[in-house]
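Peer 1: what's the 3D shape of this:
(chains A and B)
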Amino acid sequence: MTPAFNVRVAAVVLLLAALPLVPVYARLANDPFLLTLFTRIVIMALAAVSLNLILGYGGMMSFGHAAYLGIGGYAVGMLAHEGIYSGLVQWPVALAASALFALVIGALSLRTRGVYFIMITLAFAQMAYYVVAGIARYGGDDGLTIYKRSQFFAPLDLSNKIQFYYLCLALLYGGTYFVWRLVNSRFGMVVQGTRSNEVRMRAIGFPTYRYKLVCFVIAGTLCGLAGALLANHNDFISPATMYWTRSGDLIVMVVLGGMASPLGPWFGALVLLVLEEALSSITEYWQIILGPLLLLIVLFARGGIDGMLRTIGGRRA
Amino acid sequence: MTLLVEQCLNGLQFGLLLFLLAAGLTLVFGIMDLVNLAHGSLYMLGAYFAATFAAWTGSFVLGALLALGATLLVGMAVEVVAMRRLYGRDHLDHVLGTFGLILFFDEAVRLLWGPEGLSLPLPPWLNTAVEILPGIYYSSYRLAIIVVTLAVAVFLYVLVMRTRVGMLIRAGASNREMVGALGVNIKLLYTLIFGLGAALAGLAGLMQAPILTVQIGMGENILILAFVITVIGGIGSIRGALIAALLVGFIDTLGRAFFPDLLRMALSTAAASTAAPALSSMLIYLLMAVVLVFKPEGLFSTGNK
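Peer 2: Purely as a prediction, here's the structure:
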């Protein structure tokens, strides 16, 4: 990458620097809602980063990614319902449950490709949705209120909104760095190679199925973490979190931001959630605008925001 | 015994209804290579149109016919405005674009008809029970659904396999450019096929309308079932769609009716009644998983991906 100034680098630096300042601004402007909105954006960005790993880099079109948001969230919610509040128990369980679900779903779904893969991941995620909605003990359709956020060691207090925001942000930075390192490692190169041409990768001796499955499980686990955060943020978890339109939202974020771009999902989550907020303040029927807008983005802005920034900043980047 | 016969017929009826949806989905995919998530929206529109037109005209049959025509037109309009630009692009583009369409249709319906559901009352001549076997009565409306869907299945078969249009459809599926080069208006053909798929979805929706409430989001739940069916049957195969639809219809209906009782024999009553709703909704997905393990391309795959 050329060191010269370009719009893309400027936008990334601005975003990286601006996110930690959100609580300061929210305090100064006396706008607590802003902090809530940005906590949500940061959490969804983490989920989108995890989806970008399989969708953008791995070429696996999973339409069931919101299932992990729900599983991670329900791990926190169910344990809290049973009186176990320690985050040191809740979070590892959330990660393990998501990883296990990803392993089973991935092992079955990755036997297929293309459209089958889209439909199967969608169907399995819906299955998880119906199962959770059918468990009356944990609220069924109505969901589960979480009365106490996950408890950690002394200075860390998740009920403190500013602390919680910085925790989410730290996890987003960490998660993004992890994914970035992963996709540029040998493992990541194999996965990216599989996206471009699976037959060739297999011909030169890589067991592509295993690589894809491991990648799928990592992405699911990371999204499970986002789910645990989301449940803490909302103090509530319901099957609606894992409804298939949520998975659609995540795909929109990844594509809107720019596939296989390390920070693309951040831009996607930011733009989609701010757009939702802005449109819903204009009209109650905001989705009637958002829907056709999505179609237009698909038709005319395929590279997403990252692609646009690249175009503005010149082809060199 | 009465319950078993009744539930079997319910399974048959539900399966055939699912077939209408899955057939449209698989037809559009097999021929245009297009993944259409908005198929469920057309199902919903069919139901809303039927409820509205039946209220206007005061006749159930007339309302249903008008609704069928209306969904056909909406489908063709959607094809001309949006879908046509998506052919030949990545499947992810299809998913996103049609996801946008779902948001649009759901909201448009909320705007036009309001957030409360509608209901479509049955005319008295359909709202009766027929004695199918000595001593066993069955809803005549559900029987009518079975008859209509079977007729549509035969019509589809004849249309695709025995007519000139069907020949063009099959030719267009294997080589679009060649059919176009031979002087066939392939664009119009695609618009018609998409309209046909839309009308099938609309028919399913309007027939289901008197049984369920007509509401926003009704298309999304059934769309997932249609996906499961296309995956089980093999994408692009109408025969596969029929068999998988019947399988799913039976398993889902009978599972919900009898699985809790079976579970109660194995487990304690309390455990069974908590686990049963969750487990019986899993049955068809388990079926899908089993099929995938043995035949990743579905039972009747046409070979093209």
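Peer 1: Please report phi then psi for A:Ile237.
Peer 2: phi -140, psi 140 (degrees, to the nearest 10).
Peer 1: What residues are bridge-paired with it?
Peer 2: Going by DSSP bridges, A:Ile237 is paired in beta bridges with A:Leu144.
Peer 1: my guess is it meets A:Ile71, correct?
Peer 2: No - contact criterion Cβ atoms under 8 Å: A:Ile237 and A:Ile71 do not qualify, at 10.0 Å. No exception for glycine: its C-beta is placed from N, CA and C like everyone else's.
Peer 1: the more surrounded of the two?
Peer 2: Neighbours were tallied for A:Ile237 and for A:Ile71 using other Cβ atoms under 10 Å in any protein chain shown; the higher tally belongs to A:Ile237 (31 against 27).
Peer 1: which residues does the more buried one contact?
Peer 2: By Cβ atoms under 8 Å, 6 or more residues apart in numbering or on different chains, A:Ile237 lies in contact with A:Gly70, A:Gly73, A:Tyr74, A:Val76, A:Gly77, A:Gly143, A:Leu144, A:Ile146, A:Leu230, A:Ala231.
Peer 1: element containing the third one?
Peer 2: To tie it back to what came earlier, the one meant is A:Tyr74. Assigned by DSSP states H and E, A:Tyr74 falls within helix A:66-81.
Peer 1: before we move on, what SS does B:Val80 have?
Peer 2: Under DSSP: H, G, I helix; E, B strand; the rest coil, B:Val80 falls in the helix class.
Peer 1: Hmm, I typed the wrong one, I wanted A:Gly59.
Peer 2: coil.
Peer 1: Can you pull out the low-pLDDT segments for chain B?
Peer 2: Scanning chain B for pLDDT under 70 picks out the ranges B:301-305.
Peer 1: host element of A:Ala123?
Peer 2: Here A:Ala123, judged by DSSP H and E, is contained in helix A:115-134.
Peer 1: Report the mean confidence score over that helix.
Peer 2: Here helix A:115-134 scores 88 as its mean pLDDT.
Peer 1: for it, packing partners?
Peer 2: Applying 3 or more Cβ pairs under 8 Å, 6 or more residues apart in numbering or on different chains; DSSP states H and E, we find helix A:115-134 packed against helix A:66-81, helix A:87-109, helix A:244-257, helix B:91-113, helix B:218-233, helix B:269-294.
Peer 1: Return the residues of the stretch 151-300 of chain A in contact with chain B.
Peer 2: A:244-245, A:248, A:251-252, A:255, A:285-288, A:290-295, A:297-299 (Cβ under 8 Å from any Cβ of the partner chain).
Peer 1: closest to B:Leu133 out of the helices and strands packed on helix A:115-134?
Peer 2: Closest to B:Leu133 of the helices and strands packed on helix A:115-134, according to Cβ to Cβ: helix B:269-294, at 26.8 Å.
Peer 1: Measure how that closest one sits relative to helix B:218-233, angle-wise.
Peer 2: 50 degrees (axes from the mean of the first three to the mean of the last three Cα atoms, to 10 degrees).
Peer 1: packing partners for helix B:269-294?
Peer 2: Using 3+ Cβ pairs under 8 Å, 6+ apart, the elements in contact with helix B:269-294 are helix A:87-109, helix A:115-134, helix B:218-233, helix B:238-266.
Peer 1: host element of the residue nearest to B:Trp56 when sequence neighbours are not counted?
Peer 2: What sits nearest to B:Trp56 in space, not counting adjacent residues and going by Cβ to Cβ, 6 or more residues apart in numbering or on different chains, is B:Gly63, at 7.3 Å. Using DSSP H and E, B:Gly63 falls within helix B:60-81.
Peer 1: Tell me the first helix or strand C-terminal of the helix ranked longest in chain B.
Peer 2: Counting by DSSP state H, the longest helix found in chain B is helix B:2-32. Remark: after helix B:2-32, the chain's next helix or strand is helix B:39-57, criterion DSSP H and E.
Peer 1: rewinding a little: the residue nearest to B:Trp56 against B:Ala54, yeah?
Peer 2: Yes - the pair B:Gly63 / B:Ala54 is scored as a contact, 2.9 Å apart, by Cβ under 8 Å.
Peer 1: Between those two, which is the more surrounded one?
Peer 2: Taking other Cβ under 10 Å, B:Gly63 and B:Ala54 do not tie; B:Ala54 has more neighbours (25 against 22).
Peer 1: Contacts only, for the more buried one.
Peer 2: If you count contacts by Cβ under 8 Å, 6+ apart, B:Ala54 has them with B:Phe60, B:Leu62, B:Gly63, B:Ala64, B:Ala67, B:Leu120.
Peer 1: right, and the fifth one touches B:Phe49 too?
Peer 2: Yes - counting by Cβ under 8 Å, B:Phe49 is a contact partner of B:Ala67 at 3.6 Å.
Peer 1: Looking at the two, which is more packed in?
Peer 2: Neighbour tally, B:Ala67 and B:Phe49, criterion other Cβ under 10 Å: the higher count belongs to B:Ala67, 27 against 24.
Peer 1: Pull the contacting residues for the more buried one.
Peer 2: Neighbouring residues of B:Ala67 by Cβ under 8 Å, 6+ apart: B:Gly46, B:Phe49, B:Ala50, B:Thr52, B:Phe53, B:Ala54, B:Gly202, B:Leu206.
Peer 1: Please identify which of the residues you listed is nearest to A:Leu167.
Peer 2: B:Gly46 (48.3 Å).
Peer 1: Which residues of the stretch 151-300 of chain B lie near chain A?
Peer 2: Within the stretch 151-300 of chain B, the positions near chain A by Cβ under 8 Å from any Cβ are B:220, B:224, B:227-228, B:230-231, B:235, B:274, B:277-278, B:281-282, B:285, B:288-289, B:292-293, B:296-298.
Peer 1: Quick one: buried ones out of those?
Peer 2: The neighbour-count test (16 or more other Cβ atoms under 10 Å in any protein chain shown) marks B:220, B:224, B:227-228, B:230-231, B:235, B:277-278, B:281-282, B:285, B:288-289, B:292, B:296-298 as buried among these.
Peer 1: Now stretch A:217-236: buried residues?
Peer 2: Buried residues in stretch A:217-236, counted by 16+ other Cβ under 10 Å: A:217-234, A:236.
Peer 1: An error on my part: the question was meant for stretch A:208-218.
Peer 2: A:Thr208, A:Tyr211, A:Lys212, A:Leu213, A:Val214, A:Cys215, A:Phe216, A:Val217, A:Ile218.
Peer 1: Just the ones of those in helices?
Peer 2: A:Thr208, A:Tyr211, A:Lys212, A:Leu213, A:Val214, A:Cys215, A:Phe216, A:Val217, A:Ile218.
Peer 1: Let me know how buried the closest residue to B:Val74 other than its chain neighbours is, in neighbour terms.
Peer 2: Distance criterion Cβ to Cβ, 6+ apart; nearest residue to B:Val74, sequence neighbours excluded, is B:Leu45 at 6.0 Å. Neighbour count for B:Leu45, taken as other Cβ under 10 Å: 25.
Peer 1: Next: B:Lys187.
Peer 2: Neighbourhood size, B:Lys187 [other Cβ under 10 Å]: 13.
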